[in-house]
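K.L.:
Okay, predicted coordinates and the sequence, questions at the end:
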Amino acid sequence: MITRYAVLVISFLLASGTFAQECANGRYVDPVFAEVQVTSAIPFGSNTAVSGGAQILRMDVYEPVGDTQPLRPVVIIAFGGSFVAGSRADVAELCEAFAARGYVAVAPDYRVGFFLPNALTTTLAVVRGAHDMKACIRFLRKSVEEGNPYGIDPDRIIAGGVSAGAISAIHATYLDSDAEMPPALGVQAEQLGGAEGNSGNPGYSSAVLACLSFSGAIGDTSWVVAGDPPLHSIHEDGDAVVPYFTQEVSVFGIPTGLIASGSHDLHQRMDNVGVGNCLLTYDADDHVGYLTSDTENAIAFAAERCARVVCGLEGGCEELITSVSMPAMAKTPTAAPNPTLGELRVDVTGTNDLALFNAHGARVGVQERVTGPHRMDLSSLVPGVYHLRIQGAHNTTIRVVKL
């Protein structure tokens, strides 16, 4: 059984001032609304796509049904996918969970697409994500001036995301000066629009009240300075995809020459400069596995952290058990080399069915009742991103890049 941190029951009757009544009775901490409505594919900006040409950026807005609160805090949750894949639908469960607690939850697009990883291309991917996140924040503030159709409080916007989405949110929050633009961009930094970017809605602020990270990282901890918004994070200490500590970044196993700092070292920086922060660490060699194996507690932690921020309460991390032990797991399936020119070695335990899908969801290969190490020949496939679905003794999906 998973050892869980004790879910806190916090009375927001103690909240003072404007938010006292709003934050009472468990709102923002517990699911107090039975239904959630979704408005999908709302355009909020545009910019040059990874593959060239213009891309319209859209968002899905989740709201609690029957809510009479006129100005609700916003939690933005961007999807993951290594900056090459993913969609807004990937974070629907998280958005529904936050909306049921009284937040307005927003699942935004950001530009993703296939790229060969190196220092420049990887930096560009991160900056695209940050720029698109900032455009979404600016759009939300613009919408308030245009009648506030989503009933949001423009002073209570939290930027967040999962994996690559969390990296985008962190950079949108703390990379807030043109002088901080990563050196790898060179002269492109100005052409891309500096720290704010060119993804839309100029003239509105992209500042946020706080940042929420599900397994994210930052390119340089020195970007965090006193007075910055607080950060609340969840991360596995053995994460091999997004580092928990500070190390060179690899994308699909390809070293990029870039150094990034994950949650442990990012939060240590915040402690050193006096920025509010809270980190829940899972003792596990996985990447956002807690959203599958410990969903209820992970969401409860995130919602309670956000509730403290939007209700104007301080502190509280000292009350939490901030390290959670996970049960011993079966050997994690692997696929290598990844990226591959053709041959893919899949290592699984037990008996499993393997199915390979292209980026459009079409099945392009299948192997049934595979036991132990197995080889797949991908040489006939066009270059791009594929998804290897494993079902049986394991139930997981691995993103595979064919060169």
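P.N.:
That came in fine, so what should we check first?

K.L.:
low-scoring stretches of this structure, by residue?
P.N.:
Residue ranges of the chain with pLDDT under 70: 1-20, 314-332, 359-361.

K.L.:
Beyond whichever helix in it runs longest, next helix or strand please.
P.N.:
Longest helix of the chain, by residue count under DSSP state H: helix 119-145. Per DSSP states H and E, the first helix or strand lying C-terminal to helix 119-145 is strand 152-162.

K.L.:
Now find how far off-centre that following strand is within its chain.
P.N.:
On the basis of Cα atoms, centre = their mean, to the nearest Å, strand 152-162 is displaced by 13 Å from the centre of the chain it belongs to.

K.L.:
I'd like the numbering to begin with 57 instead of 1 from here.
P.N.:
Okay, using 57 as the starting number, the last item reads as strand 208-218.

K.L.:
Tell me the helices and strands packed up against the next helix-or-strand element following that strand.
P.N.:
Going down the chain from strand 208-218, the next helix or strand is helix 220-230, by DSSP H and E. Contacts defined by 3 or more Cβ pairs under 8 Å, 6 or more residues apart in numbering; DSSP states H and E place helix 220-230 against strand 128-134, helix 175-201, strand 208-218, strand 266-270, strand 273-274, strand 287-292. C-betas here are computed from N, CA, C, even on glycine.

K.L.:
Any chance you could give me the helix or strand encompassing Ala163 in CSV, C-alpha atoms only?
P.N.:
According to DSSP H and E, Ala163 maps onto strand 160-164. C-alpha atoms of strand 160-164 as CSV (Å, rounded to 0.1, in the frame of the first residue of the first chain):
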residue,chain,number,x,y,z
VAL,A,160,-11.5,28.2,-13.1
ALA,A,161,-9.1,25.8,-14.7
VAL,A,162,-7.5,26.5,-18.1
ALA,A,163,-5.8,23.9,-20.3
PRO,A,164,-3.8,25.9,-22.9
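
K.L.:
Centre of the chain to that strand, how far?
P.N.:
12 Å.

K.L.:
Would you list the strands that it pairs with, along with their directions?
P.N.:
Strand 160-164 sits in its sheet next to strand 110-120 (antiparallel), strand 128-134 (parallel), going by DSSP bridges.

K.L.:
For the last one, buried residues please.
P.N.:
This means strand 128-134. Along strand 128-134, these residues count as buried under the neighbour rule (16 or more other Cβ atoms under 10 Å): 128-134.

K.L.:
go on, stretch 277-288?
P.N.:
So for stretch 277-288, counting by 16+ other Cβ under 10 Å, buried means 277, 279-280, 284-288.

K.L.:
So this protein: which segments form each domain?
P.N.:
The chain breaks down into these structural domains: 68-381, 390-458 (assignment by automatic domain parsing).

K.L.:
can you redo the buried residues of stretch 277-288 as JSON lines with distance to Gly101?
P.N.:
Output for the buried residues of stretch 277-288, formatted as JSON lines (distance: Cβ to Cβ, whole Å):
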{"residue": "Thr277", "distance to Gly101": "29"}
{"residue": "Trp279", "distance to Gly101": "23"}
{"residue": "Val280", "distance to Gly101": "26"}
{"residue": "Asp284", "distance to Gly101": "24"}
{"residue": "Pro285", "distance to Gly101": "22"}
{"residue": "Pro286", "distance to Gly101": "26"}
{"residue": "Leu287", "distance to Gly101": "24"}
{"residue": "His288", "distance to Gly101": "26"}
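
K.L.:
Among these, which one sits closest to Ala358?
P.N.:
Ala358 lies nearest to His288 out of those, by Cβ to Cβ, at 6.8 Å.

K.L.:
these two touch, right, the closest one and Asn333?
P.N.:
Yes - the pair His288 and Asn333 qualifies as a contact (Cβ atoms under 8 Å) at a distance of 6.8 Å.

K.L.:
which stretch among the helices and strands packed on helix 220-230 comes nearest Pro393?
P.N.:
Here helix 175-201 is closest among the helices and strands packed on helix 220-230 (Cβ to Cβ), at 18.6 Å.

K.L.:
how about that closest one: buried residues?
P.N.:
Applying a neighbour-count criterion of 16+ other Cβ under 10 Å, one finds 175-176, 178-200 buried in helix 175-201.

K.L.:
what do you get for stretch 157-164?
P.N.:
157-164.

K.L.:
can you check stretch 289-309 too?
P.N.:
By 16+ other Cβ under 10 Å, the buried positions in stretch 289-309 come out as 289-292, 295, 297-300, 302, 305-308.

K.L.:
May I have the host helix or strand of Asp409 as PDB, with CA atoms only?
P.N.:
Using DSSP H and E, Asp409 falls within strand 407-413. Extracted as PDB, the C-alpha positions of strand 407-413 are listed here (Å, rounded to 0.1, in the frame of the first residue of the first chain):
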ATOM      1  CA  THR A 407       3.600 -11.100 -21.000                       C
ATOM      2  CA  ASN A 408       2.500  -8.000 -22.900                       C
ATOM      3  CA  ASP A 409       0.900  -6.900 -26.100                       C
ATOM      4  CA  LEU A 410       2.800  -4.100 -28.000                       C
ATOM      5  CA  ALA A 411       1.100  -1.700 -30.300                       C
ATOM      6  CA  LEU A 412       2.800   1.200 -32.100                       C
ATOM      7  CA  PHE A 413       0.800   4.400 -33.100                       C
END
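
K.L.:
surely Val88 meets Cys79?
P.N.:
No - counting by Cβ under 8 Å, Val88 does not reach Cys79; the two are 11.4 Å apart.

K.L.:
Tell me which of the two has more neighbours.
P.N.:
Cys79 (25 against 14; other Cβ atoms under 10 Å).

K.L.:
what's the spacing between that one and Ala356?
P.N.:
Using Cβ to Cβ, to the nearest Å, one obtains 16 Å as the distance from Cys79 to Ala356.
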